[in-house]
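Asker: Next one to model:
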Amino acid sequence: MPNPRVLYVDDDADSREMLRALLRSVRMDVTAVGTATRALSLAQASGFELYLLDAWLPDFSGFELCRRVRTFDTYTPILFYSGAAFPEDKNRGMEAGACGYVVKPDIDGLVRSIKQFALPFVPPIATNTLNTNSAGEQSTLRRQRVDEMTLAFTYMGGVTGVF
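Answerer: Just a heads-up that it's a prediction; the model follows:
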């Protein structure tokens, strides 16, 4: 079973890189882009299991992107992960066809939404160790399947997190 494919659209390069790393750590293939135009082109050309959108994009809004994606893809979950926090923003996202709306920087809410809509597609994994290089330092990350929907992470030094 192939890894689920996620299209993440955010004009902030740091946000794209952080979410890309998070989603890749749970075996999702992530394509991250900075414009709605590029995202629309990719969405039309390729199949994804999840669209993750920011509301504010440089060329046209994430709300408009959501509406346009829904004209040719009515099934794939669309989640907003955005700093646009007003109730009107959330309503606009849902009215455009999104399945959920999470306000930045609520990572826990984002994780819950991803679990709800995308993690059923993630294949089971065995416990393994990943070596990462952050600022020239080696660290170890162990991840293991806790149950069908939860991954546990233990970082060297005893810090533990659950996804």
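
Asker: This structure: strands as residue ranges?
Answerer: Applying DSSP state E to the chain gives strands spanning 5-9, 29-33, 50-53, 78-82, 100-103, 128-134, 137-147, 150-155, 160-162.

Asker: Near Ala118, how many other residues are there?
Answerer: 22 (other CB atoms under 10 Å). The C-beta positions use only the backbone N, C-alpha and C, and glycine is treated the same way.

Asker: With the flanking residues excluded, which residue is spatially nearest to it?
Answerer: Leaving aside its sequence neighbours, Ala118 sits nearest to Leu50 (CB to CB, 6 or more residues apart in numbering; 4.3 Å).

Asker: now that neighbour: how far from Pro58?
Answerer: 22 Å (CB to CB, to the nearest Å).

Asker: Same check on Leu7?
Answerer: Distance from Leu7 to Pro58, by CB to CB: 17 Å.

Asker: okay, the two: which has more neighbours?
Answerer: Neighbour count, other CB under 10 Å: between Leu7 and Pro58, Leu7 has more, with 25 against 10.
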